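> After the sequence you'll find the predicted model.
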Amino acid sequence: MLSYRHGFHAGNFADVFKHIVLAEVADYFTQKPKPFVFFDTHAGEGFYHLSSEFAQKTGEFTEGIIPLLKKQAEFTEIPSTIARYIDFQKNLVENYGLYGGSSLVVSAFSRTMDEAVLCELHPTSVEILKNNVDEIKDAFASEDFLYGNIGKIHVHKRDGYECLQALTPPKSPLPTRGFAFIDPSYEVDSDFENVHQTVAATAKKWNGTIVVWYPVLERKKAKIENLIASLQTSVADGELLQTEFHIPKSDGMTGSGMFMVNPPYLIEEKIENDGNFLCKIYSGSTFNIRTLP
Ligand code: SAH
């Protein structure tokens, strides 16, 4: 079932947290002079129009990216990755009415030697993604923090779970080091099993970082706990890091969660700083991070 459209939720608090964590991973991968490949298994549309009927219907971005852009001015010390993320989204929001999704965030942190493989199955979303990739490359090529920054973007109308398993460990002509982001909507139960199977199989044959997003949602809590517990046994060799950001809300999605296999060196401290900073922006919010045994 492919009814989910990320446009309803783009730029909400869950996106802000997930994209900042993702940006930390991308930032780490740029510290070595060798190129990386980024696999975005559930790429969505690349960027989203905040004036679209989708975004306007829920208004979720008004409680996510907007308060961050507004309140950041009150702080003199902002963690460096968040400062870069803010710079980049501020330009998009204020000058173009857009919010940049996962592939755009990663490309903002990339270099021309790096590459991205974007998978999207929804027939409309994949067409929009293709157009957005082209459009932004042409229109914003002069601004060095947009898609123009990354060397090559490969867009596939393809099952992201299958694609990641088929293309890892990455072989030439792709860069051979890199990281993957798995960002399903979990609206169908098969996502839980697919995430488990894909992460377990991929981690067995590849030492790249695998980042997975999940919603903190009462009615999915047991399934999420199960997924993480089963991964703890099947990825015994890789370190597993888990982090959650919670907002004060009594129902629906109350938090944004991520776990990471083979987390980059020292990333825990950086995410901890980021999470603590975000708690100052969103009043009443809480944050935690831990390495799982
Ligand atoms: N990562 C995006 C948001 C993705 S939303 C961002 O951060 O901006 C999840 C997307 O996954 C939806 O667009 C949905 O159409 C797509 N999708 C669902 N199942 C998929 C699958 N098996 N393979 C690839 N894409 C899938």
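In hand now; what should we look at? None of these values were measured; they are calculated from a predicted model.
> if I look at residue 167, how far off is residue 234?
Remark: distance between residue 167 and residue 234 (CB to CB, to the nearest Å) = 20 Å. From N, CA and C alone the C-beta is placed, and that goes for glycine too.
> The two: which has the busier surroundings?
Just comparing residue 167 and residue 234: by other CB atoms under 10 Å the higher neighbour count belongs to residue 167, 21 against 16.
> Confirm for me that residue 79 is in contact with residue 274.
Yes. Counting by CB atoms under 8 Å, residue 274 is a contact partner of residue 79 at 5.1 Å.
> Could you check which of those two is surrounded by more residues?
Comparing residue 79 with residue 274 by other CB under 10 Å, the one with more neighbours is residue 274, at 25 against 20.
> Angles on the backbone of the more buried one, please.
Phi and psi for residue 274, reported as degrees, to the nearest 10, are phi -60, psi -50.
> what residues are up against it?
Residues near residue 274 by CB atoms under 8 Å, 6 or more residues apart in numbering: 20, 21, 24, 79, 81, 82.
> Just the buried ones from those residues?
Buried by 16 or more other CB atoms under 10 Å: 20, 21, 24, 79, 81, 82, out of the contacts of residue 274.
> burial of residue 220, as a residue count?
For residue 220, the count of nearby residues is 18 (other CB under 10 Å).
> Phi and psi next, for the closest residue to the ligand within the chain.
In the chain, the residue found nearest to the ligand is residue 101; the distance is 2.4 Å by CB to the nearest ligand atom. Backbone torsions for residue 101, taken as degrees, to the nearest 10, come to phi -80, psi -170.
> need the contact list for it.
6, 10, 15, 19, 43, 44, 45, 46, 47, 48.
> Nearest residue to it in space, please, no chain neighbours.
Spatial nearest neighbour of residue 101, chain neighbours left out: residue 44 (5.1 Å); criterion: CB to CB, 6 or more residues apart in numbering.
> One more: residue 248?
Leaving aside its sequence neighbours, residue 248 sits nearest to residue 284 (CB to CB, 6+ apart; 3.7 Å).
> tell me, how many neighbours does that neighbour end up with?
Neighbours of residue 284 using other CB under 10 Å come to 9.
> could I get the buried ones among the contacts of residue 274 as JSON lines with pLDDT, distance to the ligand and secondary structure?
Shown next, in JSON lines, are these (pLDDT from 0 to 100; distance: CB to the nearest ligand atom, whole Å; DSSP: H, G, I helix; E, B strand; the rest coil):
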{"residue": "20", "pLDDT": "98", "distance to the ligand": "12", "secondary structure": "helix"}
{"residue": "21", "pLDDT": "98", "distance to the ligand": "11", "secondary structure": "helix"}
{"residue": "24", "pLDDT": "98", "distance to the ligand": "15", "secondary structure": "helix"}
{"residue": "79", "pLDDT": "98", "distance to the ligand": "20", "secondary structure": "coil"}
{"residue": "81", "pLDDT": "97", "distance to the ligand": "16", "secondary structure": "helix"}
{"residue": "82", "pLDDT": "97", "distance to the ligand": "17", "secondary structure": "helix"}
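> How about the residues of the stretch 101-250 of the chain by the ligand?
Within reach of the ligand by CB under 6 Å from any ligand atom, the stretch 101-250 of the chain has these residues: 101-102, 119-122, 125, 159-161, 183-185.
> 8 Å instead?
101-105, 119-122, 125, 158-163, 181, 183-185, 188, 191, 194, 213 (CB under 8 Å from any ligand atom).
> where along the stretch 151-293 of the chain do the strands fall?
Along the stretch 151-293 of the chain, counting by DSSP state E, counting those that start in this stretch, strands occupy 152-156, 178-182, 209-217, 240-246, 253-261, 286-292.
> Now tell me what touches the last one from outside.
Okay, so that is strand 286-292. The contact list for strand 286-292 (CB under 8 Å, 6+ apart) reads 228, 232, 239-246, 259, 263, 268, 271-272, 275-276, 278-279.
> Now the buried members of these.
Buried by 16+ other CB under 10 Å: 228, 240-246, 259, 263, 268, 271, 275, 278-279, out of the contacts of strand 286-292.
> Just the closest of those to residue 253, please.
The closest of the buried ones among the contacts of strand 286-292 to residue 253 turns out to be residue 246 (CB to CB; 10.0 Å).
> Residues in a beta bridge with that closest one, which ones?
Beta-bridge partners of residue 246, counted by DSSP bridges, are residue 255, residue 286.
> Buried residues, the helix-or-strand element of the chain with minimal mean pLDDT. List them.
Between all helices and strands in the chain, the lowest mean by mean pLDDT, DSSP states H and E belongs to helix 53-58, at a mean of 84. The neighbour-count check on helix 53-58 (16+ other CB under 10 Å) flags 54, 55 as buried.
> That'll do, ta.
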